[in-house]
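**Student:** Okay, predicted coordinates and the sequence, questions at the end:
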Amino acid sequence: MAAAAEYFRSHLPPKPYCTDDLTEGLKIRALKIAIEKSYIQPNGPGMVWVMVKDVDRAVIDPTDWWPVWETAGLPEPNMAVLNRRTKRGHLIYLLAAGVSKTSAARLAPLRFLSAVDQAYTLALGADTMYSGLICKNPFSDRWKVWEVHGNPFTLDDLAKWVDLTSPAITDPKPLSEIASLGRNCAMFDEGRKWAYQAIRDHWAPNGLPRWQEAVLGQLRAINGQFHEPLPFSEVKATARSIAKWTWRNITPQGLQELIDRTHTPEKQAERGKASGKARRLSREQDRATARLMRAQGLTYPQIAAEFGIGLDTAWRWCQ
């Protein structure tokens, strides 16, 4: 097998989705079985090594015999996997370095790849709602495989052929209209914005499992708004990433330090407050501080006395 196909195979997930008939649904199988199916999952839930474009017309234009990528002004793909009768199919671009789908610290490469992916879809007139989960398997005898070259692309290599600043790429879109890799970015953005605030209601000793369940539930709701939802494995991986990052970085101690920095007498004076007793913190800050006190071992009567509230209120604030 030639270089491009071997590179494709070497980066397949160990247990990919696969099928011989899309109408019968997808199954998860060991790679040695999945590699014999007509359709296979090219990328795992956490990493992208392959960009696939679904071209719903003959890859070689019968009027001028030019391949669609030349007409679109794009580089040659590594492979074209085509229906033998219609010559329609999937163009496969291999990536020289994998791009993570779930890392909060390294979301920028995924945004970059998502923009490139969308730009290539528009330039080729490819299917905008193609999810990229399953592609025609170049190892199946069912398809005609055209290996063009075996050199994988960097993101910069791919980006220099398209304009990533055009409104078609940069303008925000409703969740129901976001496809392919853009859905990972959209789900992450919507989920993290929610998590930054919602985590305050989950600060409690041993509260991480409950917080992880809450984040997963929120991301499943976001995923349900897409025209074609992401696989549960990708939702779960992204939820785990958001939950772990927020639990580690947005803490009661951190909020208390913020409160201490922003509620000094000097700051209060700057805001025109009268000298003397400082203004009470906002109700949300009171609740967060109460949870902090509880986590540090204070009893409900002690918390109630500190805030001048009843025991029932103290208990509710700490849940």
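**Tutor:** Received, thanks.

**Student:** in this protein, what secondary structure element scores lowest on mean pLDDT?
**Tutor:** Ranked by mean pLDDT, DSSP states H and E, the weakest helix or strand in the chain is helix 265-270, scoring a mean of 61.

**Student:** any chance you could map the helices in the stretch 101-250 of the chain?
**Tutor:** Along the stretch 101-250 of the chain, counting by DSSP state H, counting those that start in this stretch, helices occupy 107-124, 155-159, 167-170, 181-198, 208-223, 232-249.

**Student:** Could you tell me the least trusted of those helices?
**Tutor:** Looking at these, the lowest mean pLDDT belongs to helix 167-170 (a mean of 85).

**Student:** for the helices of the stretch 101-250 of the chain, which one sits closest to K53?
**Tutor:** Among these, the nearest to K53 by Cβ to Cβ is helix 107-124 (5.5 Å). In this view, the C-beta of every residue, glycine as well, is placed from N, C-alpha and C.

**Student:** which strands and helices sit next to the closest one?
**Tutor:** Packed against helix 107-124 by the contact rule (3 or more Cβ pairs under 8 Å, 6 or more residues apart in numbering; DSSP states H and E) you find strand 47-55, helix 68-72, strand 89-100, helix 155-159, helix 167-170, helix 181-198.

**Student:** so where's the stretch 51-200 of the chain uncertain?
**Tutor:** Residues of the stretch 51-200 of the chain that meet the criterion pLDDT under 70 lie in 62-64, 103-106.

**Student:** For S10, find the nearest of the helices and strands packed on helix 107-124.
**Tutor:** strand 47-55 (8.8 Å).

**Student:** What strands line up against that closest one, and which way round?
**Tutor:** Applying DSSP bridges, strand 47-55 is found paired with strand 89-100 (antiparallel).

**Student:** And the pLDDT for Q256?
**Tutor:** In this model, Q256 carries a pLDDT of 64.

**Student:** going forward can the numbers begin at 246, since that is how I track them
**Tutor:** Right, with 246 as the first residue, what we last looked at is Q501.

**Student:** which one is the spatially most central residue of the chain nearest to, not counting chain neighbours?
**Tutor:** The geometric centre of the chain, computed from its C-alpha atoms, lies nearest to N429 (Cα atoms, centre = their mean), at 2.7 Å. Nearest non-adjacent residue to N429, counting by Cβ to Cβ, 6 or more residues apart in numbering: K346, 4.9 Å away.

**Student:** For burial, what's the neighbour tally of the one you found?
**Tutor:** 26 (other Cβ atoms under 10 Å).

**Student:** Show the contacting residues for the closest residue to P474 other than its chain neighbours.
**Tutor:** Leaving out its chain neighbours, the residue that sits closest to P474 by Cβ to Cβ, 6+ apart is N468, at 4.7 Å. Contact partners of N468, counting by Cβ atoms under 8 Å, 6 or more residues apart in numbering, are 428, 432, 474-475, 480.

**Student:** Most neighbours out of the residues you listed, which is it?
**Tutor:** M432 (27 neighbours).

**Student:** Tell me the spacing between that residue and I414.
**Tutor:** Taking Cβ to Cβ, to the nearest Å as the measure, M432 and I414 are separated by 19 Å.

**Student:** what do you get for E315?
**Tutor:** The value you get for E315 to I414, if Cβ to Cβ is used, is 22 Å.

**Student:** And these two? Which one has more around it.
**Tutor:** The neighbour comparison of E315 against I414 (other Cβ under 10 Å) goes to I414, with 16 against 13.

**Student:** Now that the more buried one has come up, it's in contact with D362, right?
**Tutor:** No. Taking contacts as Cβ atoms under 8 Å, I414 lies outside contact range of D362: 10.0 Å.

**Student:** Which pLDDT value belongs to M292?
**Tutor:** Looking at M292, the pLDDT reads 89.

**Student:** Name the nearest residue to it, sequence neighbours excluded.
**Tutor:** G343 is the one closest to M292 (Cβ to Cβ, 6+ apart), at 4.4 Å.

**Student:** Surely the one you found touches V295?
**Tutor:** No. Judged on Cβ under 8 Å, G343 makes no contact with V295 at a distance of 9.5 Å.

**Student:** so what sits against both of these two?
**Tutor:** Here G343 and V295 have H256 as joint contacts, going by Cβ under 8 Å, 6+ apart.

**Student:** Which one of the two is surrounded by more residues?
**Tutor:** V295 (22 against 15).

**Student:** how about the nearest residue to the more buried one, chain neighbours excluded?
**Tutor:** That would be P287: by Cβ to Cβ, 6+ apart, it lies 4.2 Å from V295.

**Student:** Specify the local secondary structure of the one you found.
**Tutor:** Put simply, P287 is coil when judged by DSSP: H, G, I helix; E, B strand; the rest coil.
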